[in-house]
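Trainee: here you go, sequence then predicted model.
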Amino acid sequence: MAIAMASTASVSGVGLLVRDCAAADVDLLEHALPTGGTAAHAALFARQLGGDATYLTAWQDGAPVGSGLIRWAGHRNPDSRAALSDCPEISNLHVAPAAQGRGVGTALIAEAEARITHRGFTRVSIGVGEDNPRAQDLYARLGYHDTGLREVSRYDYPGADGVLREVVEHDILLIKGLRPA
Ligand SMILES: CC(C)(COP(=O)(O)OP(=O)(O)OC[C@H]1O[C@@H](n2cnc3c(N)ncnc32)[C@H](O)[C@@H]1OP(=O)(O)O)[C@@H](O)C(=O)NCCC(=O)NCCS
């Protein structure tokens, strides 16, 4: 059985807690970071229960402000997974719009990297949309660089109007070397 872990970080002088998702968090996450009826938080939590992922959640003043998944077996795309062996992937990184730009994403990535290093891996990957230059800037600042690999992912996601639409994302695969613990 997985052991829940947590760490605290200071964000803009306000305490931020980053910890594993728990069953009781799923409804709170859906409220704070709505997924338009896709039950995405429940699905990601189920992956954690299955042992192949860790679903990290970030909390400020007792409310969830962000989340992100560590996929321990590597990339979800088989070609990318084959090209990047022994390399867990950080995915599904999402910070509530009102909390963006205050270090929550950085804290989630830092916690994910610490967990990945703790398990003995020496590198981590992340996919970022070709049309998401701000996230690209963030990852570059955190030491991620372009692998040269590209992939297309398709998933349903609600727009600002709450209506589910298929999103086709063209991703740049980034990688970062981690110092052994
Ligand atoms: C990308 C994201 C996870 C970053 O989390 P965050 O908590 O806003 O990031 P931090 O506060 O730690 O770092 C801020 C940096 O993130 C980047 N960033 C990306 N999108 C941003 C946004 N909407 N608001 C603020 N910063 C954003 C910028 O590089 C920013 O630095 P800057 O202020 O100098 O431009 C978050 O903005 C988000 O959820 N965006 C929408 C979903 C998404 O794009 N997910 C990433 C998929 S790969």
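Mentor: That came through fine.
Trainee: drop to CA atoms for contacts and neighbour counts, all remaining ones
Mentor: Fine.
Trainee: per-residue pLDDT, the most far-flung residue of the chain relative to its centre?
Mentor: Centroid-distance maximum for the chain: Asp161 at 23.8 Å, with CA atoms, centre = their mean. For Asp161, the model assigns a pLDDT of 74.
Trainee: then Ile3?
Mentor: Listed pLDDT for Ile3 reads 52.
Trainee: sec struct for Ile126, please.
Mentor: strand (DSSP: H, G, I helix; E, B strand; the rest coil).
Trainee: residue contacts, it?
Mentor: Glu89, Ile90, Ser91, Leu173, Leu174, Ile175 (CA atoms under 8 Å, 6 or more residues apart in numbering).
Trainee: looks to me like the residue farthest from the centre of the chain is in a helix.
Mentor: No. The assignment for Asp161, made by three-state DSSP, is coil rather than a helix.
Trainee: quick check: it vs Pro97, distance?
Mentor: 15 Å (CA to CA, to the nearest Å).
Trainee: next: Thr147.
Mentor: 29 Å.
Trainee: please apply the same query to Leu16.
Mentor: Distance from Leu16 to Pro97, by CA to CA: 16 Å.
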